[in-house]
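Peer 1: One predicted model, sequence on top.
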Amino acid sequence: MEFQILGSVEARADGKHINLGSRKQRLVLAVLLLEADRLVSMDRLVDLVWEHDAPASARASIQTLVSRLRAAFRQAGAGGPEITGHGAGYVAHVDPLAVDAHRFTGLVGAAGSADDERAVDLLDEALALWHGEPLAGVASTDVAERLCGHLREARLVAMEDRLDAHLRLGSGRRLLAELTGLVAEHPLRQRLVGQLMLALHRDGRSSAALDVYRTLRTRLAGDLGLDPAPELMRLESAILRADPTLDPVTQVEETAGPRPIPADVGGRAALLRSLLADNRVLLILNDTRGIDRVIALIPRAGAA
């Protein structure tokens with residue numbers, strides 16, 4: 001059985017949707033799933049479900065909602081969570097990996113210790129788990145923020161981590177539309193602004209990158225009375241200097257044997273093919289336009 005919290009609250013067994021009942025019932029389940037295998041007190045459940053105006057019958061109502069959830073899982077068959085009462089609260093015994101919020105957190109954690117290519121794959125998988133605002137349709141804005149504010153922030157950080165990994169891998173132009181949209185949505189998020197500045201600079205649009213910086217600086221001063229972060233100031237200075245360290249990192253490829261040489265290499269093609277056939281290593285620099293330029297040919301280790 002799988003559970004979705006990062007969007008509407010849903011459950012499926014063998015691909016089939018499970019009827020989780022009323023809004024309050026789904027909210028109780030969501031709270032228990034967010035605290036998988038941990039005790040959630042009755043007082044907290046009452047506070048989250050009714051916020052400020054809990055009726056005298058609230059505790060009895062929570063008991064009824066839990067009872068209905070148990071019945072729904074029994075009807076769906078094996079694999080559902082076991083909800084047990086412990087003193088003045090409940091525990092949902094469930095595999096955290098069956099809950100999208102916990103899978104998201106695990107994938108983001110794994111990406112933190114992976115190389116950039118693997119990190120991009122893991123973060124793509126994590127971000128794909130989101131289908132809208134968490135607890136959509138079952139919780140008020142305040143309750144959703146209390147329960148899932150940390151997940152919203154984690155999602156933004158994961159998006160930024162993914163973009164950083166792409167930029168380190170040499171991507172730039174294809175990120176521009178995504179970054180432009182994200183900065184429009186989060187105009188004071190300085191890490192995103194820096195990423196957009198770098199992508200624009202690498203695309204040969206340094207003036208646009210500096211305009212993005214000036215817009216942020218004006219917003220920060222007017223809205224918060226703050227200056228941009230030191231990292232962003234250093235990036236502006238580097239763009240003004242056309243600092244070569246802002247260029248994409250040189251990529252090194254080792255050839256296993258002869259490789260095709262583009263026709264536009266002209267008279268050098270025969271020489272390059274000869275060197276490659278002679279068991280050499282080809283070092284390639286990929287520039288910001290995606291064009292490979294040969295920069296060195298050296299003997300392969302152990303080659304004569």
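Peer 2: Everything's here; your move.
Peer 1: The stretch 51-200 of the chain: strands as residue ranges?
Peer 2: Assigned by DSSP state E, counting those that start in this stretch, the stretch 51-200 of the chain shows strands spanning 82-85, 89-93.
Peer 1: Report the strands that pair with the shortest one, each with its relative direction.
Peer 2: Strand partners for strand 82-85, identified by DSSP bridges, are recorded as strand 89-93 (antiparallel).
Peer 1: residue contacts, the residue nearest to residue 131 when sequence neighbours are not counted?
Peer 2: Excluding the flanking residues, the one nearest residue 131 by C-beta to C-beta, 6 or more residues apart in numbering is residue 7, at 3.2 Å. Heads up, the C-betas are built off the backbone N, CA and C, glycines and all. Neighbouring residues of residue 7 by C-beta atoms under 8 Å, 6 or more residues apart in numbering: 130-134, 136.
Peer 1: Any of the residues you listed buried? List them.
Peer 2: 130, 134 (16 or more other C-beta atoms under 10 Å).
Peer 1: hang on, residue 11 is in a helix, isn't it?
Peer 2: No. Counting by DSSP: H, G, I helix; E, B strand; the rest coil, residue 11 is not part of a helix but strand.
Peer 1: Could you measure from the closest residue to it other than its chain neighbours over to residue 239?
Peer 2: Spatial nearest neighbour of residue 11, excluding adjacent residues (C-beta to C-beta, 6+ apart): residue 18 at 4.3 Å. To residue 239, residue 18 is 53 Å away according to C-beta to C-beta, to the nearest Å.
Peer 1: Nearest residue to residue 45 in space, please, no chain neighbours.
Peer 2: Using C-beta to C-beta, 6+ apart, the nearest residue to residue 45 is residue 62, at 5.1 Å.
Peer 1: Next one: the one you found, what pLDDT does it get?
Peer 2: Residue 62 is assigned a predicted lDDT (pLDDT) of 96.
Peer 1: what does residue 297 give?
Peer 2: 41.
Peer 1: Repeat that for residue 74.
Peer 2: At residue 74, pLDDT is 89.
Peer 1: Could you pull up the residues touching it?
Peer 2: Here residue 74 is in contact with residue 80 (C-beta under 8 Å, 6+ apart).
Peer 1: Of the contacts of residue 7, which is the nearest to residue 76?
Peer 2: residue 131 (20.7 Å; C-beta to C-beta).
Peer 1: Fine by me, we can end here.
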